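Colleague: Provided below are the primary sequence and the corresponding predicted coordinates.
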Amino acid sequence: MQIYLPIAEVSVNALLLLGLGGVVGILSGMFGVGGGFLMTPLLFFIGIPPTIAVATEANQIVASSVSGALAHFRRRSLDILMGLILVAGGVIGAAIGVQVFALLKAAGQVDTLVRIGYVVLLGIIGSLMLIESVRAIRRTHQDSTPLRKLHQHNWIHGLPFKIKFRSSGLYISAIPPLLIGAMVGVLAAIMGVGGGFIMVPAMIYILGMPTKVVIGTSLFQITFVTAFTTVLHATTNQTVDIALAFLLFLGGVVGAQIGARLGVKLPAEQLRVFLAIIVIGVCGKLAMDLLLQPSELYSLGDRL
């Protein structure tokens with residue numbers, strides 16, 4: 001069933017979009033990841049322009065993050081004050097990222113930059129995920145594993161503008177959360193990802209937040225920053241395709257429910273190895289598309 005996407009200006013199979021949303025939703029439910037870093041390159045593969053894929057995927061991430069953030073809020077596993085500071089940094093980073101995105105779009109370089117960025121990003125994520133998963137599997141076969149402190153006091157705790165975060169049990173400077181939020185905001189604007197795969201480890205290992213409040217606080221930040229990013233993309237670059245976002249969201253909601261049930265029944269570490277292989281495979285496909293000679297060596301465009 002073909003459907004025309006007015007903003008993307010391409011016709012695609014609606015069932016294919018529902019299927020992609022479902023597959024990424026299953027992965028999200030199984031592994032607890034947003035899925036934006038996989039969905040956006042998959043949209044490239046079916047012919048969606050990178051400019052549209054990036055902005056529209058940010059819109060889908062908003063919908064998928066709201067329910068998770070609300071659930072953590074009800075369980076009181078969310079640090080609102082920390083989340084607000086992360087949001088403030090994220091808004092600044094997103095505003096910068098959208099302007100950079102607009103400049104690159106005007107120069108005709110945004111598609112190439114986004115693809116290269118995803119090759120680097122997925123390569124790093126997939127490799128680190130694979131290494132950590134293999135190490136975890138090896139540790140499970142050992143009789144005992146020495147405990148390691150996740151966080152120790154360092155130079156970050158000597159920075160000024162300290163604030164007491166009661167929900168996290170921390171008394172640290174507001175500068176590191178602002179910088180982490182800003183970095184994630186730039187990624188959300190330029191690459192269409194929520195940034196949880198960067199923010200969660202940063203909150204644990206750099207800020208020293210307890211794990212029980214990290215996921216909820218991350219989802220809180222992602223919800224507001226990606227919503228802000230979507231609005232900026234829609235008003236500045238006109239690259240948000242609502243029809244595309246709706247179909248992806250519909251498939252993702254169903255897939256996430258299936259994935260959540262599968263994730264409980266299947267072994268966690270082996271699943272992470274599987275996800276790492278998928279991420280590395282997508283990275284390899286993107287790299288090949290960039291390096292191999294295209295089938296058509298010309299393009300149509302206006303001559304000045």
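Modeller: Received it, and whenever you're ready, just let me know what you need.

Colleague: Tell me where this protein has helices.
Modeller: Shown for the chain, the helices assigned by DSSP state H span residues 14-31, 36-45, 50-74, 80-107, 110-140, 175-191, 196-205, 211-232, 242-265, 268-291.

Colleague: Adding distance to R166, write the ones you listed out as JSON lines.
Modeller: For every residue, glycine as well, the C-beta is placed using N, CA and C. Shown next, in JSON lines, are these (distance: least, CB to CB, whole Å):
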{"stretch": "helix 14-31", "distance to R166": "31"}
{"stretch": "helix 36-45", "distance to R166": "31"}
{"stretch": "helix 50-74", "distance to R166": "15"}
{"stretch": "helix 80-107", "distance to R166": "8"}
{"stretch": "helix 110-140", "distance to R166": "31"}
{"stretch": "helix 175-191", "distance to R166": "15"}
{"stretch": "helix 196-205", "distance to R166": "16"}
{"stretch": "helix 211-232", "distance to R166": "11"}
{"stretch": "helix 242-265", "distance to R166": "31"}
{"stretch": "helix 268-291", "distance to R166": "31"}
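
Colleague: Reformat the ones you listed as a markdown table; add mean pLDDT, mean neighbour count and distance to M1.
Modeller: Shown next, in a markdown table, are the helices of the chain (pLDDT from 0 to 100; neighbours: other CB atoms under 10 Å; distance: least, CB to CB, whole Å):
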| stretch | mean pLDDT | mean neighbour count | distance to M1 |
| --- | --- | --- | --- |
| helix 14-31 | 76 | 21 | 5 |
| helix 36-45 | 78 | 23 | 18 |
| helix 50-74 | 71 | 23 | 19 |
| helix 80-107 | 87 | 20 | 31 |
| helix 110-140 | 78 | 16 | 28 |
| helix 175-191 | 85 | 24 | 30 |
| helix 196-205 | 74 | 20 | 33 |
| helix 211-232 | 80 | 24 | 26 |
| helix 242-265 | 73 | 18 | 11 |
| helix 268-291 | 77 | 16 | 26 |
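
Colleague: K164 is nearest to which of those helices?
Modeller: When those are compared by CB to CB, helix 80-107 sits nearest K164, at 8.6 Å.

Colleague: now for that closest one, which elements pack on it?
Modeller: Using 3 or more CB pairs under 8 Å, 6 or more residues apart in numbering; DSSP states H and E, the elements in contact with helix 80-107 are helix 50-74, helix 110-140, strand 162-165, helix 175-191, helix 211-232.

Colleague: ok so, going back, with respect to F165, which of the helices of the chain lies nearest?
Modeller: helix 80-107 (5.1 Å).

Colleague: how far does the closest one sit from the chain's center?
Modeller: Here helix 80-107 shows a centroid-to-chain-centroid distance of 14 Å under the convention CA atoms, centre = their mean, to the nearest Å.

Colleague: Please apply the same query to stretch 173-189.
Modeller: For stretch 173-189 - counting by CA atoms, centre = their mean - the centre lies 14 Å from the chain centre.

Colleague: ok, now stretch 37-55?
Modeller: With CA atoms, centre = their mean, you get 13 Å for stretch 37-55.

Colleague: what does stretch 92-101 contact?
Modeller: 51, 54, 110, 178, 181-190, 225, 228-229, 232-233, 236-237 (CB atoms under 8 Å, 6 or more residues apart in numbering).
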